[in-house]
Structure formats: structure tokens, C-alpha cells
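Participant: return atomic coordinates for the entry below.
(one chain, ligands or ions: 2)
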Amino acid sequence: MGTFVAMGNIIRLLPESVANQIAAGEVVQRPASAVKELLENAVDAGATEIKLIIKDAGKTLIQVIDNGCGMSEQDVRMCFERHATSKIKNANDLLAIRTLGFRGEALASIASISQVELKSKRVEDEVGTAVTVNGSEFISQSPVNSSDGTTVTAKNLFFNVPARRNFLKSNTLELKYVMEEFNRVALVHPNISFQLYNQDKILHQLSSSNLKQRLVALLGNTYNNRLIPIHQETQVVNISGYIGKPEYAKKKRGEQYFFANGRFIKNPYLNHAVENAFRDLIPKEAFPPYFIYLKVDPQTIDVNIHPTKTEVNFQDAKSLYAILHSTIKQSIGHYNLAPVLDFETERSLEVPPLPKDHPLTPPSITIDLEYNPFEKKRKSQMEINYPTSRRDSQTLDLPGADISAPNVIQIERSYLVSHIKNGIVVIDQQLAHERILYEEFLKSGENKDNGAQKLLLPQTVQVTPDDAEVIRNIIPVMEHSGFEVSDFGHNSFVVHAAPPGIESTTIQSVIESILEAYKAETDEFNQHGERELAKTMALRMAIKHGQSLKPEEAEAVIQQLMTCAAPDISPEGKPTMILLSYKELANEFKRTT
Ligand code: ADP
Ligand code: MG
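Facilitator: Numbering: from 1, shown residues only. Ligands and ions are numbered 1, 2, ... in the order given. Below is the predicted model of the structure:
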């Protein structure tokens, strides 16, 4: 059998340096995580000025210079020990943490995977102390002349863990992560001045200011008149910060920040509360920027979490949701930026009073005598008989639409124009295809044999731990819709089969779209998983604007659209086509027919 037979006692303690390296794997995944820890230490030290200097996006150099409280000669040495912290003394302190750090793991971890020099001096000391540590190994300690405060310099991250070093992304991407961490700290402490240098170039110079000024300094002057302040004080939570005006909602998620008790957090549930408050005011695919600061009793928030995790749990999440939602609606309403849909608002105020002797005329009503509420088919000047099933498509009964003849043109690589018996129809190729795929995916989900197609090569999908949690939640829905997914551990999943039309090469991006949609519409997903999944996949896979189609492809889109149950609207409720009858055309040209 194996090596474990008859070897006597085999368990021993790991050398400290190895233990630190293992712990470092959790604390320091990339330069940005080291930046976060060092900035937080500077904040905890009460610094009023913090300078961050990086080279090669932090891969070769991360230096944080602060003017905080500094450390004693002994503490400078001690701070590199694992579980060495000045911030808590006993388990009770865990319930009321007021600092960002408290685990005493960061410096030990950073020092185990880089070459660190730390210089520090307290106000009361004559001279400071410098210590050098190289991959957990103590190198030297000496007195130095230095100003009050602490400078930590970490060089050559992962120099002794090549596997991790190779795992790092491009400088562009790593720099983006670093700047994101920088933003998160700078946005919580507008009173602290910050500087950020990369390759000796200054990227940010933020002087001590109020929050609005800090936001504008970080995000640009355009934000000056794009923000609405929010404010609410209740027993459960105090809320402050800013939200973007609805008209400045972004195409991409991004500038959305929650902070709880001075810590950046992610919380899809609260995000939903915010986005829900914006519903009907912004397009569906747009995201409102927000910078929201929550203050809750430390005892009602779970901070005893993984060091790099930003998810937190609130004891009273439901109340929090409701308070946040109404605070935001109120703020938007208060600024009078949008139709206020709440019934609580005094409608009478919104109707301008009539001039005193304004003549009153009864409203005129036009009655459609032919209107029959029980008639399902929508009646318009031009009738289209949509066939009810795919089988009908050969004998498509689109009145006069002589689909077999080549009558389709594509214009602007976006629209398909076709003539039909008594007019023309303009079809948006993308929206139409979304509708077609949506119904196809829904249908394959309804079938017992859900049309799952085995992939020739099973695809492995690697995601973040948080996303892995989401996938585990929605595997049943995915399987119902034609996926075959198995959890492979370590945040990876193997996809063995997928709904028809989804190929191996697109699996990863389809899964990413699903994750994004799930996070944006968690409630919808939980209630109508199959529908949301079908919608997400349809939107992801559909032919896009700008894609040129061969005549036969264009024709296929039209044919398939006409066999859909609801051909005239996209899964998101947009019209897929515009009909123009010859009669209307003649009217436009002021001719009689
Ligand atoms: P934690 O922040 O969780 O306590 P760290 O490993 O980040 O653990 O730091 C260990 C200790 O070193 C801190 O508790 C603090 O006493 C000290 N320390 C670290 N950085 C600084 C700094 N910039 N200024 C003053 N003290 C610091
Ligand atoms: Mg710390």
C-alpha cells in the first residue's frame, strides 16, 4: 500500500515559514491584496497622510508610507509574527472591532512571500527602527533616522512561490485591482490625504476633504452635478452617502460601493434594494452608480469572516433592505428627478392648478366599436397570422409574405426589411433572435428529454469562491434547462452537456453571463429560474447588431420569428418589429389609394 504503513510517528509541526506561506495564500492573492492590508494598517495607525508607491502594478514594489502612530523597537520585530496584533486582546473584543485589521496575519503573510523592509518611529522615540525580512527569514534590524510613522516596503511579491507569481495577470489588470482597493480605502477616509504613484507617475493626489469632494477627486469632475445625497437615521441603521442621478446610470456595473462600519462590502441583497428603487427610472440594462455608507451596531454585523472576503451578514437584513429602498426612493423623489410613483406622495401637488375662470370642457373619448376584449390576436390595420408551431413554417401563412422568394434585405447590419402582402415589416435582427432563442431554450426546458447535448470535450469552468456558491445554488435550474454540471471542488465545475446551440467554446462566457444575471436579479432568479436562465442565454447567444447576415440566414430569422408564440416583443419587452402598411405609406406621401 502507500507510504503510510509502519513508519511510526509521522505527524510533525510545519516550520513557521511554511505555515506563513500557507496562510499567505489566503491573505495575499495578488498585489492588490497586499496593498489593501498595508493601507488598512496605515489607517488603523491613525495616519492623516498615506502615500502608496507601486512598480509594475505592485509585482516588483509596493511601498506604503504613513505618518501614523509608529511602532516601538520591539513591536517592529514582533509585528511579523503570525497572530501578532495590537488590536484585540481577547475574544470579547471581537464583538466590537473598531479597526480594520484584527487577525495579526497580514504582515506575517506578506513577509513570507516577499522581501520586506519596515521602518517605523513613534513621536516619543529619538530614533526609529528598521527591520528586513526575506521570505519570513529575519535578516537584520538597526536603528535609523526617520520621520514619525511607518514605511513598509514589500519587493518582488511571490519571489519564492513561482506558481503564484505565474498566476498573476497582466500589469494592466493587476493595476486595475490595486486602484480598486485604493479607491475603497480612499472613499471611506476623505479626511486622510492620499497619494498613489505607479512607475514614478502620480495617479492620484487626494487632499483631505469632505466626501463629495473626495468622490469628485477620484471619479472626475463630471460627478460634480451627477450625485444626489442620501441620509437616513433609524434604530437599525444610519445611512449616508450619494447615489447617481438616474440619467447618469451606466451601461456597466462598476461604480457601486457599499461600506458598512467603514469597510467596503459586497451584498447582492442590498444592491437589489438600490437597483429596485431605480426601477422604471432607468433602462433595464443600466446600472446606477452609488456610494452608500451604512453604520450598524457592530454586534449586528458578522465581521468574523474570511480575511479577503467582502461579503458580510447583517442580523436584520430585511429591515435594512426596506429602509435602504425607501431612503433611496425618497432621495430621488426629493430631488424631483423622476416621476414619483409612490402612492404616498401627494398627487395633488403634481397637478398645476387651473387658471380661475378656465372653461371646463368634457374630455373627448374615441371609441373603437370593433374592439373585442376576448379576441386574443392583436388587431391592427395589417393582420399577420402567426403560425402556431414550427411545423407550420413550411406553409407560412404570413398573408402575402412571399417568404420563399428572396425578398429580404438587411440594412445597417441591424435590420431586416421584408415586404408582406399589404405593407412592409422592419425587424430588429438582434431583438428578434433573442425572442427566437428565448422560446427555444424555454421549450427545451419543458421537454422531459430537455435536449441536453453532450459536449465532445467536457468543459472545466473555474470561478471565484463566491461565484461557486451561486453555481451550486442554481445547478438544479441549469440541469432542468439542459445543462449537465458537476461540482469538481476547488471552485471548478465540469460541464458535460449544454442546451442545443451552446458550444464548448462559449460555455465559459455563457456561465459568466448567467452569474452576472443571477447577481443582478437574484430574486427573479430564485422565483423564475428557468425563465431567467432562458432569457440570459438568449441575450448572450443572439445575433448582434453589426453582424452581417447572408440572405438565407436573414430569411431563417424571419421564418423562425413568425413561428414564435409572441413574435412581436423581445424577452425584455422591447418591440422586435415595426409594421408599415401601404395605406400608411400612402398617407405619409399624401396620396390616395
Ligand atoms: P492586524 O492589522 O490584523 O493587527 P497586521 O499583521 O496587519 O495585523 O499587523 C500587526 C500589527 O503590527 C498591528 O496590530 C499593529 O500593531 C502593527 N502595525 C502594522 N502596520 C502598522 C503601521 N503602519 N503603523 C503602526 N503599527 C502597525
Ligand atoms: Mg492589518
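Participant: okay, CA-based contacts and neighbour counts for the rest of this
Facilitator: Will do.
Participant: now do the buried residues in the helix or strand bottoming out on mean pLDDT in the chain.
Facilitator: Least confident helix or strand of the chain, by mean pLDDT, DSSP states H and E, is helix 16-27 with a mean of 72. Residues of helix 16-27 classed as buried: 17, 20-21, 23-24, 26-27 (neighbour count, 16 or more other C-alpha atoms under 10 Å).
Participant: point out where the stretch 351-500 of the chain drops to low pLDDT.
Facilitator: For the stretch 351-500 of the chain, residues meeting the criterion pLDDT under 70 lie at 351-407, 421, 447-451.
Participant: skipping its backbone neighbours, what lies nearest the residue in it positioned nearest to ligand 1 in space?
Facilitator: Across the stretch 351-500 of the chain, the shortest distance to ligand 1 (C-alpha to the nearest ligand atom) belongs to Pro465, at 22.6 Å. The shortest distance from Pro465 to any non-neighbouring residue, by C-alpha to C-alpha, 6 or more residues apart in numbering, is to Asn491 (5.6 Å).
Participant: how many neighbours does Lys169 have?
Facilitator: Other residues lying near Lys169 total 11 when counted by other C-alpha atoms under 10 Å.
Participant: SS state for Leu203?
Facilitator: Reduced to three states with DSSP: H, G, I helix; E, B strand; the rest coil, the structure at Leu203 is strand.
Participant: returning to that earlier point: show me the contacts for the residue nearest to Pro465.
Facilitator: Listed by C-alpha atoms under 8 Å, 6 or more residues apart in numbering, the contact partners of Asn491 are 462-465, 468.
Participant: those residues in helices, which ones?
Facilitator: Within the contacts of Asn491, residues falling in helices by DSSP state H are 465, 468.
Participant: can you flag the buried ones in the contacts of Asn491?
Facilitator: Applying 16+ other C-alpha under 10 Å to the contacts of Asn491, the neighbour count classes 462-463, 468 as buried.
Participant: what would the residues you listed look like in JSON lines with distance to Leu515?
Facilitator: Below are those laid out as JSON lines (distance: C-alpha to C-alpha, whole Å):
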{"residue": "Gln462", "distance to Leu515": "12"}
{"residue": "Val463", "distance to Leu515": "10"}
{"residue": "Ala468", "distance to Leu515": "9"}
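Participant: of the residues you listed, closest to Ser147?
Facilitator: Val463 (44.6 Å; C-alpha to C-alpha).
Participant: that closest one - nearest residue in space that isn't next to it in sequence?
Facilitator: The shortest distance from Val463 to any non-neighbouring residue, by C-alpha to C-alpha, 6+ apart, is to Asn491 (5.7 Å).
Participant: for the nearest residue to Val485 once chain neighbours are set aside, what are its contacts?
Facilitator: Beyond its immediate neighbours in the sequence, the residue positioned closest to Val485 (C-alpha to C-alpha, 6+ apart) is Val495, lying 4.5 Å away. By C-alpha under 8 Å, 6+ apart, the contact list for Val495 reads 455, 458-461, 483-486, 507.
Participant: count residues in the vicinity of Met541, would you?
Facilitator: Counted with other C-alpha under 10 Å, the neighbours of Met541 add up to 19.
Participant: which residues of the chain lie near ligand 2?
Facilitator: By C-alpha under 5 Å from the ion, the part of the chain that sits against ligand 2 consists of 41, 101.
Participant: and Phe102, what does it touch?
Facilitator: Counting by C-alpha under 8 Å, 6+ apart, Phe102 touches 85-88.
Participant: tabulate those residues (JSON lines), appending pLDDT and neighbour count.
Facilitator: Supplementary listing: these in JSON lines, determined by pLDDT from 0 to 100; neighbours: other C-alpha atoms under 10 Å:
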{"residue": "Thr85", "pLDDT": "84", "neighbour count": "19"}
{"residue": "Ser86", "pLDDT": "82", "neighbour count": "12"}
{"residue": "Lys87", "pLDDT": "76", "neighbour count": "17"}
{"residue": "Ile88", "pLDDT": "74", "neighbour count": "18"}
